[in-house]
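Q: build me a structure from this.
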Amino acid sequence: EASQADEYMLVNLWRPVKPMSTPCRSFPLSFLDSSTLHKDDFVTIDSASLGVVAALKDNPKHKFYYYPDMTVDEVIVFKQFHQLRNESSARMPVFHTAFADPAADKSTEGRVSYEYRVGLLL
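A: This is a model prediction of the structure:
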């Protein structure tokens with residue numbers, strides 16, 4: 001069914017979940033600072049299982065940020081996709097990935113997390 005919405009947005013919510021009992025140091029989620037992106041960093045991948053997706057080349061100028069030691073009482077909300085009806089391409093997503101936290105050691109509790117994705121018609 002057609003929608004009268006002028007915008008479509010995909011919002012992600014990410015959090016560590018129980019049974020974690022300590023702050024998350026095992027592969028926490030990090031976010032790429034979009035001001036460090038260059039147009040040549042983008043790669044298009046045509047995958048049979050995922051369709052056409054955007055990926056990034058490694059670039060030493062990229063800067064990543066993360067929320068250290070997140071607990072099960074905290075949630076990160078970020079925009080994954082945003083497109084207006086009259087625009088031919090989507091607006092910049094928030095690129096994110098997990099990473100090996102140098103503060104983690106062999107005794108660090110393994111990460112248990114959940115990512116929710118919510119589609120919004122505005």
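
Q: check which helices and strands the lowest-mean-pLDDT helix or strand in the chain sits against.
A: Of all helical and strand segments in the chain, the minimum by mean pLDDT, DSSP states H and E falls on strand 51-56, at a mean of 81. Judged by 3 or more CB pairs under 8 Å, 6 or more residues apart in numbering; DSSP states H and E, the packing partners of strand 51-56 are strand 42-47. (C-beta placed from N, C-alpha, C; glycine too.)

Q: partner strands of the strand it packs on, with direction?
A: Sheet pairing for strand 42-47, assigned by DSSP bridges, gives strand 51-56 (antiparallel).

Q: name the next helix or strand downstream of the strand it pairs with, please.
A: strand 64-66 (DSSP states H and E).

Q: that following strand pairs with which strands?
A: Strand pairing (DSSP bridges) places strand 64-66 next to strand 29-32 (antiparallel).

Q: put the alpha carbons of the strand it pairs with into PDB.
A: Output of strand 29-32 as PDB, limited to C-alpha atoms (Å, rounded to 0.1, in the frame of the first residue of the first chain):
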ATOM      1  CA  LEU A  29      30.100  -0.800  19.200                       C
ATOM      2  CA  SER A  30      32.000   2.100  17.600                       C
ATOM      3  CA  PHE A  31      30.800   4.900  15.200                       C
ATOM      4  CA  LEU A  32      32.600   6.500  12.400                       C
END
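
Q: and it, which residues are buried?
A: Residues of strand 29-32 classed as buried by neighbour count (16 or more other CB atoms under 10 Å): 29-32.

Q: contacts for it next, please.
A: The contact list for strand 29-32, computed with CB atoms under 8 Å, 6 or more residues apart in numbering, reads 14, 56, 62-67, 76, 78, 94-99, 113.

Q: re earlier: of the buried residues of strand 29-32, closest to residue 117?
A: Of all the buried residues of strand 29-32, residue 117 sits closest to residue 29, with 13.9 Å by CB to CB.

Q: do you know how far the closest one is from residue 82?
A: As for residue 29, its distance to residue 82 is 19 Å (criterion: CB to CB, to the nearest Å).

Q: on that earlier part again, save the buried residues of strand 29-32 as TSV, and put in distance to residue 89 and pLDDT too.
A: Below are the buried residues of strand 29-32 laid out as TSV (distance: CB to CB, whole Å; pLDDT from 0 to 100):
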residue	distance to residue 89	pLDDT
29	26	95
30	25	95
31	21	95
32	19	94
